[in-house]
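Colleague: build the 3D model from these lines:
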Amino acid sequence: MRNALIPVVTILGFQSGLLLGGAVITETIFAWPGVASLVVESIFNSDFPVVQAAVAVFALLIVLANLLTDITVAWLDPKIRFSS
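Modeller: The predicted model follows:
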């Protein structure tokens, strides 16, 4: 069971980045208030500090999701070890 979960965890981890990217499109099309629509509105208004902060937060979330994915895969697969 643990060996079968490794590809599933990997795909779920990488899909989190696409989920954040899809939030921009979804919030813009349906006019839902959210961070992604704030970023789009800030781009149109040339509010660069808000855009920089939002990009930094999105990047941090993607890095944390990838880190959590790598740690989970290392926990699932006994052949992967952190020490040499």
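Colleague: who does the helix or strand of the chain with the lowest mean pLDDT touch, helix- and strand-wise?
Modeller: Every helix and strand of the chain was ranked by mean pLDDT, DSSP states H and E. The lowest is helix 2-30, at a mean of 85. With contacts taken as 3 or more CB pairs under 8 Å, 6 or more residues apart in numbering; DSSP states H and E, helix 2-30 sits against helix 35-44, helix 48-76. Glycine gets a C-beta too; all of them are placed from N, C-alpha and C.
Colleague: now the first one and helix 48-76, what's the angle there?
Modeller: Inter-element angle recorded for helix 35-44 and helix 48-76: 140 degrees (by axes from the mean of the first three to the mean of the last three CA atoms, to 10 degrees).
Colleague: and the gap between residue 5 and residue 12?
Modeller: 10 Å (CB to CB, to the nearest Å).
Colleague: for the least confident helix or strand of the chain, list every residue counted as buried.
Modeller: By 16 or more other CB atoms under 10 Å, the buried positions in helix 2-30 come out as 9, 10, 13, 16, 17, 20, 23, 24, 27.
Colleague: wait, which of the helices and strands packed on helix 2-30 is closest to residue 1?
Modeller: Smallest distance to residue 1 across the helices and strands packed on helix 2-30 (CB to CB): 9.3 Å, for helix 48-76.
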